[in-house]
Structure formats: structure tokens, C-alpha cells
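> sequence plus predicted model, see below.
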Amino acid sequence: MKKAQNSYLEMKTHRQFLAEKPWFLAILVAASFIAALLVASSITGSSSSSFLCSLSGAYKTSAVDEYATTPTQLDAIIHYATSRVVPQQSRAEITLSFDVLKALAPCNFLVFGLGHDSLMWTSLNPRGTTYSWKKIQNKLLASYKREKECMPPDVRLKGNTRCKLALSMLPDEILDKEWDVIMIDAPRGYFAEAPGRMGAIFSAAVMARARTRPGVTHVYLHDVDRKVEKVYAKEFLCKKYLVKGVGRLWHFEIPSLANMRGSDAYSSFC
């Protein structure tokens, strides 16, 4: 009887202590929870560690594959590090088109120009298609509006020998592909005998209008401080599609004919 009374008193005292010291109860609960975690981790630790390591390895492999340097980029580093030739465009001008290339990468990139910058343009579009073309004949603006084959909406490049502005001699590799970005930085046009870029500007406009894939065609024209480039840009690339200019470089975003608004799109370029 006395032992029972003592046990009852001890339990009562213990309950009173817990009631008066709630923080002690919280410590006990936390300690029990931690102990359970330790036991569980000791049982499944090896498998969990293996699982986490496999995830980490997969992520690293994916990241390495995505951002791995291409051989062309390494060639470009060596080429420009050992050359004293100044690029045709300034750093700010190059950045203007590089930002779009990064956003669209990998993409189809057509460059009218085979100068000192051609290797750079290829390296800035890794795993994409970059085609450089320089064999552009001299084409004059003359009276293109009187030639039906030069005018929208039926204007084309392939086989179009009647329009003197159309670069119909371009290879099928260029004519049969839709280009996301077009850079016009050739041929030379800074002296009277140089062929100029009239045909390239006209042909870029035709390519952009014929696009069937979603989105616009980004066209970059360099040396817009010169009269010929500026006049032809306003005639075929259109001031309303000019979105940005840096230095001597203009950036146009030209929609396809299907996405152009207004009846004027079917009778003129701008």
C-alpha cells in the first residue's frame, strides 16, 4: 500500500514538473524526433547518398554537354589572339547581334561577308547553321519597280533572272533554307568601283518576307553611315521594322508576308 502511494506521488510530481516546465517537454519531443532521423539515416544512408550522387552527376553531365566549347570557338580564340587585324564591327555593334544569337541559339544564320569576322560569326552560333557568302555581283537600284519580278507579292530569288537586284546565283544551300538571322556586312562599298550591298539588302528582304516558320527574321546591316546602305535599307528593309541601332549597325525585325498588316504589304516592301 505504501509503495503504491509512493508511485502515485512520484507520477503526480512528474506531471506537475512537466506542466510547470513546458520547455522541458519540447526538448524531449525534439530529441525523440532527432533520434528517429538518425536511425533512419543509418539504415538508408548508403542508398540515399548513391541516389543524390547520381543526380548530381547527371546534372553536371547535362550542363557540360550544353555549354561545352566547340572546336570552332577554340579556333576563333587562337585566330583572333594571334591577329592584329581589327574587326569590321565595333564591340558594341557585335554585341547587338550576339544578344539575339544567344536568344535564338542554335539558329540559321546567314552572313553576307567573308572578311576578318567570318570565323567569329560561326563561333557565336555554336551547333547552329552559319553560312557566309561574299560572291555578290554589282546590282543597281535603277528602275526595279518597273520589273514585275522585283515586286511583291510574287517576288522570289530562285530562278529570278529578270530582276537585276535578286541574287538568283546564290546556291541552293542558301535559297532552300529559312534564316533566323541575316548579317549584311559585304561586299565592300566604300569607294566608287566597289559593288556595294544593294543585291544583298534586297535579297535579305525577300527572304524575310517569304518566311513560313513562326517569328520574325532579324536582319543586321552594317555601315549605315554610307548613302547607298541607308537608301536601300529604307527602301527594302523599312524604317518601321528598325528596332535598334548601335554605331554604324542597324537591327531590323522583319515579319513574314503572312504576318504583315495592310494591303500595302502586297504591293511594296514598305
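That came through fine.

> burial count for residue 206?
Residues contacting residue 206 under the criterion other CB atoms under 10 Å number 21. Using the backbone N, CA and C atoms, a C-beta is placed for each residue, glycine as well.

> show me the helices in this structure, by range?
2-20, 22-67, 71-81, 91-104, 118-123, 172-175, 198-209, 227-232 (DSSP state H).

> and those, which one averages the lowest pLDDT?
Among those, helix 22-67 carries the lowest mean pLDDT, at a mean of 43.

> now do the strands in the stretch 101-250 of the chain.
Counting by DSSP state E, counting those that start in this stretch, the stretch 101-250 of the chain has strands at residues 108-112, 129-133, 181-184, 217-222, 242-246, 249-254.

> compare the ones you listed and say which comes out lowest on pLDDT.
Across these, the stretch with the lowest average pLDDT is strand 129-133; it has a mean of 86.

> which elements pack onto it?
Packed against strand 129-133 by the contact rule (3 or more CB pairs under 8 Å, 6 or more residues apart in numbering; DSSP states H and E) you find strand 108-112, helix 118-123, helix 172-175.

> just name the most buried of these.
Each of the helices and strands packed on strand 129-133 was scored by mean neighbour count; the highest is strand 108-112, a mean of 25, by mean count of other CB atoms under 10 Å.

> my guess is residue 170 contacts residue 203. True?
Yes. Under the criterion of CB atoms under 8 Å, residue 170 is in contact with residue 203, at a separation of 7.3 Å.

> pull up the overlap in contacts between the two.
Among the neighbours of residue 170, those also in contact with residue 203 (CB atoms under 8 Å, 6 or more residues apart in numbering) are residue 157.

> so between those two, which is more surrounded?
For residue 170 versus residue 203, the count of surrounding residues by other CB under 10 Å is larger for residue 203: 29 against 22.

> show the pLDDT at the closest residue to the more buried one other than its chain neighbours.
Leaving aside its chain neighbours, residue 203 sits nearest to residue 167 (4.3 Å; criterion: CB to CB, 6 or more residues apart in numbering). On pLDDT, residue 167 comes in at 88.

> these two touch, right, residue 167 and residue 197?
No. Taking contacts as CB under 8 Å, residue 167 lies outside contact range of residue 197: 10.8 Å.

> that concludes my questions; thank you for your assistance.
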